[in-house]
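> need the 3D shape of this:
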Amino acid sequence: MSIPIAFIICTEPGRLEGQSLMLAQSIRKFCGQLKNTPIYSFHPRVGEPISKQTQDAFEALQVTHQQVPINREFHEYYLANKPLVCAYAEQNIDAEILVFLDSDKCFFSEPKEFLLPVNCNVRIRPEYGQGIGSTGLRDPQEWYWQKLYEVLGVKREVFVETPIGNKKIRAYWNSGLVAVRRSIGIFTAWKENFEKVMRMNITPPQGMYFVEQSVLSVTLCSLEENISHFSSAYSYPLPLHNRLSKESQLKAWDDIVSIHYFNLFFYNDWNAQIQRLKNFNRSSDKYQWLCEGVVRHKMPRISVMHRYMLTVRKIEQKLRVFKLNSQVSNWIEKIANF
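Down below sits the predicted model:
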């Protein structure tokens with residue numbers, strides 16, 4: 001008998017273990033009537049399994065974890081895990097609604113918007129900023145999207161508005177939180193299109209990154225699905241709070257359904273970074289629970305210098321579009337001995 005809804009996550013050895021555990025703990029504690037929703041964790045690459053400690057913790061949280069080597073062809077590209085795992089789940093988990101979650105998320109309220117209405121087959125969030133997206137014909141990244149449209153058969157143009165800068169860009173959605181009606185086959189179409197694009201070596205100007213996310217976006221356009229957007233309280237990009245448009249900013253922790261924290265807790269100054277959020281009320285037991293979880297799972301493990309190096313690397317990627325090759329990030333990496 002089909003279950004109403006199931007959550008899908010990826011967990012591989014290392015930092016994802018603590019993130020997935022805190023995610024599962026937040027679901028069991030804060031998700032109200034959905035707190036007992038089945039959680040399926042997948043380790044999709046060949047290699048050492050997750051630790052026995054994590055396995056035991058998953059069992060206590062009633063998380064079903066399995067290592068299934070379904071990412072062999074694109075083993076070196078870890079983001080390939082997403083479409084491959086989602087398609088596998090779509091074909092093997094008998095649930096009406098599947099929700100894929102990046103591990104760097106945490107819940108603080110019941111996610112009622114996961115329960116898709118009858119006329120809705122997919123719900124997702126626009127990407128927070130433009131990133132590798134295109135504003136249209138004059139954008140230097142337009143050629144990449146036009147190539148994807150051609151290869152994947154997009155017949156109508158769709159645009160979204162980014163929460164950062166209210167910028168109108170070609171439909172580009174964030175793949176870290178996706179709810180679909182399983183019977184439609186959206187995840188399987190995503191996987192097939194991803195494999196096609198990868199084998200054709202079609203990559204964004206900055207290199208092979210976020211291919212899976214752009215391909216998901218173009219897949220949804222090609223399927224001509226009626227896309228529903230999660231509200232701002234879902235997958236709230238906490239480290240980007242100060243950059244969000246006023247309409248997208250939340251004011252208090254208790255307004256949040258879930259956060260997306262990226263690499264925030266990877267660095268030793270994570271608490272100081274949260275303190276810098278402007279006009280944001282942190283006086284909540286939920287915030288205290290999060291802080292205790294970050295410490296409990298020993299998430300901070302690296303110097304802030306690493307973050308600066310990543311920032312420089314992003315700038316270098318943008319410069320490559322103009323055929324300017326900088327090696328500053330490599331120099332920082334050697335000096336800091338990461």
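
> list the contacts of residue 213.
Residues counted as contacts of residue 213 (CB atoms under 8 Å, 6 or more residues apart in numbering) are 79, 127, 172, 173, 174, 175. In this view, the C-beta of every residue, glycine as well, is placed from N, C-alpha and C.

> any idea which helix or strand carries it?
According to DSSP states H and E, residue 213 maps onto helix 211-223.

> what mean pLDDT does that helix get?
Averaged over helix 211-223, pLDDT sits at 98.

> could you do stretch 67-75 as well?
Mean pLDDT, stretch 67-75: 97.

> can I assume residue 198 sits in a strand?
No. Going by DSSP: H, G, I helix; E, B strand; the rest coil, the assignment for residue 198 is helix, not a strand.

> what about it, how many neighbours?
Residues within reach of residue 198, counting by other CB atoms under 10 Å, total 19.

> re the thing from before, with neighbour count added, can I get the contacts of residue 213 in CSV?
Converted to CSV, the contacts of residue 213 look like this (neighbours: other CB atoms under 10 Å):
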residue, neighbour count
79, 17
127, 25
172, 25
173, 23
174, 22
175, 22
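
> among these, name the ones in strands.
Among the contacts of residue 213, the members found in strands (DSSP state E) are 173, 174, 175.

> for residue 164, state which of these is nearest.
Distances from residue 164 to the ones in strands among the contacts of residue 213, taken as CB to CB, are shortest for residue 174 (11.9 Å).

> who's in contact with residue 80?
By CB under 8 Å, 6+ apart, the contact set of residue 80 is 71, 74, 194, 198, 212.

> 7 Å instead, please
Taking CB atoms under 7 Å, 6 or more residues apart in numbering, we find residue 80 in contact with 71, 74, 212.

> pLDDT score for it?
97.

> distance of it from residue 210?
Distance, residue 80 to residue 210, by CB to CB, to the nearest Å: 12 Å.

> hmm, back to that, adding distance to residue 55, write the contacts of residue 213 out as a markdown table.
Below are these laid out as a markdown table (distance: CB to CB, whole Å):
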| residue | distance to residue 55 |
| --- | --- |
| 79 | 24 |
| 127 | 34 |
| 172 | 36 |
| 173 | 33 |
| 174 | 29 |
| 175 | 27 |
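
> before we move on, the earlier item: follow the chain on from the helix holding residue 213 and name the next helix or strand.
Next along the chain after helix 211-223, taking DSSP H and E as the criterion, comes strand 228-229.
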